[in-house]
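In: Requesting a structural model of the entry that follows:
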Amino acid sequence: MRANFTIICLLVGLAIFVRADKTSSGKLMGAVRDSEGAVIANSIVLVHWDCPGADAPRRTAAGLKQELRLTTGARGEFSVALAQGFYDVAVFAHGFSPVARKVRIRKGQTFVEQVKLSADPQEGAEFGDDFFTEPSQVPLISSPKPK
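Out: I've put the predicted structure just below:
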């Protein structure tokens, strides 16, 4: 009888711990779009826990990490559960100027970040509109022959 009581107490304690752990975190979610509102799929979203002078990693839903790298889906959306605190969020996409912001994740709340990226005129001028996934796809440029 005493063993059953001990097991029940352990299970109740574990349930309280798990519930407390879930409520001490919040959620960061959002979507990445261009300046005209079109979806930008496969964007890179870097999330860095901002705690000055701390080397210890922060607990996230994905495990113990201080920095996360997310990739947006086909609809340009991203979502991650994070422990409460301040985070630096940077968003990158090919052909667009990157955007960085500081966000605060609060206990039990969802922070929604709608990111708008503007086209990078310098990259378009230097590299054009073509995007190559493999170096072998890049056309060779022949230099003019000296006269």
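
In: ranges for the helices of the chain?
Out: Here the chain has its helices, by DSSP state H, at 2-23, 121-127.

In: Going by mean pLDDT, which of the ones you listed comes out lowest?
Out: Sorting the helices of the chain by mean pLDDT places helix 2-23 lowest, at a mean of 46.

In: in this protein, which segments are predicted with low confidence?
Out: 1-24, 51-65, 122-147 (pLDDT under 70).

In: top strand in it by residue count?
Out: Counting by DSSP state E, the longest strand found in the chain is strand 25-34.

In: Next, the buried residues of that one.
Out: Residues of strand 25-34 classed as buried: 25-26, 28, 30-34 (neighbour count, 16 or more other Cβ atoms under 10 Å). Quick note: C-beta positions are derived from backbone N, CA and C, even for glycine.

In: As TSV, these with distance to residue 82 would be great.
Out: Output for the buried residues of strand 25-34, formatted as TSV (distance: Cβ to Cβ, whole Å):
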residue	distance to residue 82
25	6
26	6
28	6
30	13
31	17
32	18
33	22
34	26
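
In: would you list every one of the strands in the protein?
Out: Under DSSP E, the chain gives strands at 25-34, 44-49, 58-60, 63-65, 67-71, 77-83, 85-92, 99-105, 110-117.

In: Enumerate the beta-bridge partners assigned to residue 83.
Out: residue 25 (DSSP bridges).

In: Please apply the same query to residue 70.
Out: residue 45.

In: sorry, back to before: quick check: of the buried residues of strand 25-34, which lies closest to residue 120?
Out: Minimum distance to residue 120 across these is 11.1 Å, recorded for residue 34 (Cβ to Cβ).

In: residues in contact with that closest one?
Out: 40, 96, 116-119 (Cβ atoms under 8 Å, 6 or more residues apart in numbering).

In: how about a cut-off of 7 Å?
Out: 40, 96, 116-117 (Cβ atoms under 7 Å, 6 or more residues apart in numbering).
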